[in-house]
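> sequence and predicted model, in that order:
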Amino acid sequence: MRTVRAIYSSGVFRPVEPVDVPEESWVEFKPRLVKKGSRRSKALDGIYEVLSLRFKSGEKDVAARHEEHQP
């Protein structure tokens, strides 16, 4: 699941963009303060998504097979 940005106001965390979570779902998170108005670009969101997939794969040394696919 991607990072969700939210604003804390009147005791409630409000996401600043749509969140793909069913209504009435319980979630758990650890808030981390960011600079006011700080947002990653959509391009960076895509890059972090791809990097997270590689991380979750368990592959430790992605460079070890680099030459395998070179012409």
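Here it is on my side, so go on. Numbering: from 1, shown residues only.
> C-alpha only now, for contacts and for neighbours.
Noted.
> just the strands from the protein, written as ranges.
Ranges of strands in the chain, per DSSP state E, are 6-9, 12-15.
> next, format the ones you listed as a markdown table and append mean neighbour count and mean pLDDT.
As requested, those are exported to a markdown table (neighbours: other CA atoms under 10 Å; pLDDT from 0 to 100):
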| stretch | mean neighbour count | mean pLDDT |
| --- | --- | --- |
| strand 6-9 | 11 | 86 |
| strand 12-15 | 11 | 88 |
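> now distance to L44 too, for those, in CSV please.
Listed next are the strands of the chain as CSV, based on distance: least, CA to CA, whole Å:
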stretch, distance to L44
strand 6-9, 18
strand 12-15, 19
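> if you count contacts, what does the lowest-mean-pLDDT helix or strand in the chain end up packed against?
Lowest by mean pLDDT, DSSP states H and E among the helices and strands of the chain is helix 42-57, with a mean of 73. In terms of contacts (3 or more CA pairs under 8 Å, 6 or more residues apart in numbering; DSSP states H and E), helix 42-57 is packed against no helix or strand at all.
> quick one: residues in contact with it.
Residues outside helix 42-57 that contact it (CA atoms under 8 Å, 6 or more residues apart in numbering): R2.
> starting at the chain centroid, how far to it?
7 Å (CA atoms, centre = their mean, to the nearest Å).
> next: stretch 8-21.
15 Å.
> need the contact partners of that stretch.
Counting by CA under 8 Å, 6+ apart, V4, R5, A6, I7 sit against stretch 8-21.
> out of the strands of the chain, which comes closest to K60?
Nearest to K60 among those is strand 6-9; the distance by CA to CA comes to 32.5 Å.
> burial of D45, as a residue count?
D45: 14 surrounding residues under other CA atoms under 10 Å.
> and it, how far from R2?
8 Å (CA to CA, to the nearest Å).
> and if you look at Q70?
Q70 sits 32 Å away from R2 when distances are taken as CA to CA.
> so for these two, which residue has more residues nearby?
The neighbour count for Q70 versus R2, taken as other CA under 10 Å, is higher for R2 (11 against 6).
> quick check: closest non-adjacent residue to the more buried one.
Nearest residue to R2, sequence neighbours excluded (CA to CA, 6 or more residues apart in numbering): E49, at 7.0 Å.
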